[in-house]
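Undergrad: A structural model of the following input is requested.
(one chain, ligands or ions: 2)
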Amino acid sequence: MESLPVPSVQAMVAATGGADVPPRYLRPAEAVAGIVDGEGEAQIPIIDYRRLLLELDRRGEESARLHRACQEWGFFQLINHSVPHDVVEAMKANIQQFFQLPAETKKRFAQERGQLEGYGQLFVVSEDQKLDWADMLYLYTQPPESRNTKFWPDQPVNFRSTLDRYSGAVKEIADSLLAMLAENLGLKQEVIADRCVGGVQSVRMNYYPPCAQADKVVGFSPHSDADLLTLVLQVNHVQGLQIKRNGSWFPVRPVEGALIVNIGDIFEIFTNGRYRSIEHRAVVDPKEERLSAAAFHSPNIHSTIGPLKELTADEDEAYKTVDHENFMRLFFATKLEGKSFLDRMKLK
Ligand SMILES: O=C(O)CCC(=O)C(=O)O
Ligand SMILES: [Fe+2]
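TA: Residues are numbered from 1 along each chain as shown. Ligands and ions are numbered 1, 2, ... in the order given. Below you'll find the predicted structure:
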């Protein structure tokens, strides 16, 4: 599994001032159009984690809101979550400090042939595909034995310990949310929880440099995430995440302190389409850099990826069943194009 090497966009902007955008990054007008200015309009649902953890009779209402958020949006903002404030702040600072390091230092953690992890870019499968206006650092964080510390920056000095604490706290939230989602679908918690014992977590830190022609490039191509559940941290104040809703792009306005949570493809497959993964993308700002960090949560490597038998007793399976490794191999071998990967997992 690998992605073709591409230049660092950050280094390119630093060298050229960023006024010139190479053709490989320029998108056709229709690819960047269609933004709904959601000003004053609906916002993605806000779910209160503290309320979800209350005793059963009192958390019912919030749990029902969670169910509606998953069904109708596939995205929500989680407030009052349990990642300690100092850990969140340290994570944000460390990610910003990493991308501010000299290019030569960052290159020490560059992706290598045949590997996905490290500093670089993902999903580049051909020399002539359009590229995203971004650099990223991708690391496996859980289970601990999957960590490849070679790619874990040793600068800034606290980066490793911060990511260790942050990813552990986020995994706990993902596990407990997954248990609640299972219950909301009439499943025993264990049905999903058992598959997440030793579950895989990876973190993708995104750096989107400013672009003088921001309306002609895309920071992160439209895609759905391949996992069960993603928890995204907005690292600085610049917005850019958009979700596809009723055919239009809908900007997400992050609430201070919230984590943005979304349903991934594996959850859609597990539940035979009861909750769906939602296509999203990131746009870039003309003047300011933008940073985000997405934590992806998948079952453990022994779990097969297919509709859960507990849900398909009285209905046809709508998705194929494949083993975990093959599922990930197929995902990383394709260019990100909306939900086209998931479409190929569907049984016609
Ligand atoms: O930059 C963002 O807000 C979203 C990033 C994202 O979608 C991803 O890393 O999968
Ligand atoms: Fe994503």
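Undergrad: Dig out what the residue in the stretch 101-250 of the chain positioned nearest to ligand 1 forms beta bridges with.
TA: Taking Cβ to the nearest ligand atom as the measure, the point where the stretch 101-250 of the chain comes nearest ligand 1 is Leu241, at 3.6 Å. C-beta here means a position set from N, CA and C on the backbone, and glycine is covered the same way. With DSSP bridges as the criterion, the beta-bridge partners of Leu241 are Ala282.
Undergrad: dump the residue contacts of it.
TA: The contact partners of Leu241, taken as Cβ atoms under 8 Å, 6 or more residues apart in numbering, are Val232, Gln234, Pro251, Val252, Pro254, Ile260, His280, Arg281, Ala282, Ser292.
Undergrad: Which pLDDT value belongs to Lys150?
TA: According to the prediction, Lys150 has pLDDT 96.
Undergrad: How about Lys171?
TA: On the pLDDT scale, Lys171 gets 98.
Undergrad: still on that earlier bit, out of the contacts of Leu241, which one sits closest to Asp175?
TA: Val232 (17.0 Å; Cβ to Cβ).
Undergrad: Any idea how many residues pack against that closest one?
TA: Val232 sits with 25 neighbouring residues when counted by other Cβ atoms under 10 Å.
Undergrad: what helix or strand is it on?
TA: Using DSSP states H and E, Val232 sits within strand 229-234.
Undergrad: In the sheet, which residues pair with Val322? Tell me.
TA: The partner residues for Val322, given DSSP bridges, come to Ile305.
Undergrad: Isn't it up against Pro307?
TA: No. Contact criterion Cβ atoms under 8 Å: Val322 and Pro307 do not qualify, at 11.7 Å.
Undergrad: Give me the contacts around the strand holding Val232.
TA: 78, 88, 91-92, 170, 173-174, 177-178, 181, 241, 254, 259-264, 267, 292-297.
Undergrad: what about stretch 283-294 and ligand 1, any contact?
TA: Yes. Stretch 283-294 comes into contact with ligand 1 (Cβ under 6 Å from any ligand atom), by way of Ser292, Ala294.
Undergrad: Other residues contacting that stretch?
TA: Residues outside stretch 283-294 that contact it (Cβ under 8 Å, 6+ apart): 32, 35, 91-92, 95-96, 99, 133-134, 203-212, 214, 217-219, 225, 230-236, 238-242, 282.
Undergrad: cutoff 6 Å now
TA: For stretch 283-294, contacts defined as Cβ atoms under 6 Å, 6 or more residues apart in numbering pick out 95, 133, 204-211, 214, 219, 230, 232-236, 238, 240.
Undergrad: residue contacts, Ile35?
TA: Trp249.
Undergrad: let's go with 8 Å and repeat that
TA: Ile35 neighbours (Cβ under 8 Å, 6+ apart): Gln242, Ser248, Trp249, Pro251, Val283.
Undergrad: mind checking the backbone torsions on the last one?
TA: For Val283, the backbone dihedrals are phi -100, psi 160 (criterion: degrees, to the nearest 10).
Undergrad: and it, how many neighbours does it have?
TA: Around Val283 there are 22 residues (other Cβ under 10 Å).
Undergrad: Partner strands of the strand holding Val232 and their direction?
TA: When DSSP bridges is applied, strand 229-234 pairs with strand 259-263 (antiparallel), strand 290-298 (antiparallel).
Undergrad: can you tell me which helix in this structure is longest?
TA: Longest helix in the chain by number of residues, with DSSP state H as the criterion: helix 159-184.
Undergrad: that older thread, give me the ChimeraX select line for the contacts of Ile35, limited to the buried ones.
TA: The following ChimeraX line selects those of those that are buried, judged by 16 or more other Cβ atoms under 10 Å:
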select :242,249,251,283
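Undergrad: tell me the two of the contacts of Ile35 that are most distant?
TA: Of all pairs drawn from the contacts of Ile35, the widest gap by Cβ to Cβ lies between Ser248 and Val283 and measures 13.6 Å.
Undergrad: circling back to that earlier point, can you name the next helix or strand after the longest helix of the chain?
TA: That would be, after helix 159-184 and using DSSP H and E, helix 189-193.
Undergrad: residues in contact with the worst-scoring helix or strand of the chain on mean pLDDT?
TA: Every helix and strand of the chain was ranked by mean pLDDT, DSSP states H and E. The lowest is helix 29-32, at a mean of 76. Helix 29-32 is contacted from outside by Lys130, Asp215, Lys216, Val217, Val218, Val283, using Cβ under 8 Å, 6+ apart.
Undergrad: Done for today, thanks.
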